[in-house]
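Asks: what follows is a predicted structure for the sequence shown.
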Amino acid sequence: MSDTPETKIRLDKWLWHARFFKTRGLSAKLVSGGHVRVNRVKVSKPSHAVGSGDVLTFPQARDIRVIRIVAVSDRRGPAPEARALYEDLDPLQARPKEILPQSPQFEGKGRPTKRDRRKLDLNRPDKLE
């Protein structure tokens, strides 16, 4: 791990080294799609040079990640080594969990009958009639 301030690395390579994406190709595809910001500026070239102190904003799964680069690595190492490369500015634990709608329970009878479904539809508050 080299942490000198003048050390720079390709953006797609750093995202792969830090284990945000499984392959370098996936990280390059995200960057070239224009979905990554470096210090609030949209970047569309995977070869954009980044270094210590840069702030990255990018989508990962259903979340928006905001991280600060702390160090640059020469290789894609194990997960603990990868976590040392960045500081999470918006931790996922601080975000509220999405509340998913509950699926109806049918006492283990399987699919509801047409009659049961009509009863369920009558009890829904969003039903417009």
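Replies: Yep, it's here. All figures in this text were calculated on a predicted structure; none of them were measured in a lab.

Asks: mind listing the helices for the protein?
Replies: Remark: helices assigned in the chain by DSSP state H are 11-17, 24-32, 79-83, 114-123.

Asks: lowest-confidence helix or strand of this protein?
Replies: The weakest-scoring helix or strand in the chain, judged by mean pLDDT, DSSP states H and E, is helix 114-123 (a mean of 83).

Asks: the residue positioned nearest the centre of the chain: what's it in contact with?
Replies: A centroid search over the chain (C-alpha atoms, centre = their mean) returns Gln60, at 1.8 Å, as the residue closest to the centre. Counting by C-beta atoms under 8 Å, 6 or more residues apart in numbering, Gln60 touches Phe20, Phe21. For the C-beta atoms, the positions are set from N, CA and C on the backbone; glycine is no exception.

Asks: give me that answer again for 10 Å
Replies: Applying C-beta atoms under 10 Å, 6 or more residues apart in numbering, one finds that Gln60 lies in contact with Leu15, Phe20, Phe21, Leu30, His35, Ile67, Leu92.

Asks: ok, now how distant is the closest residue in space to the second one that isn't next to it in sequence from Tyr86?
Replies: Meaning Phe20. In space, and not counting its chain neighbours, Phe20 is closest to Gln60: 6.0 Å by C-beta to C-beta, 6 or more residues apart in numbering. The span separating Gln60 from Tyr86 equals 12 Å under the rule C-beta to C-beta, to the nearest Å.
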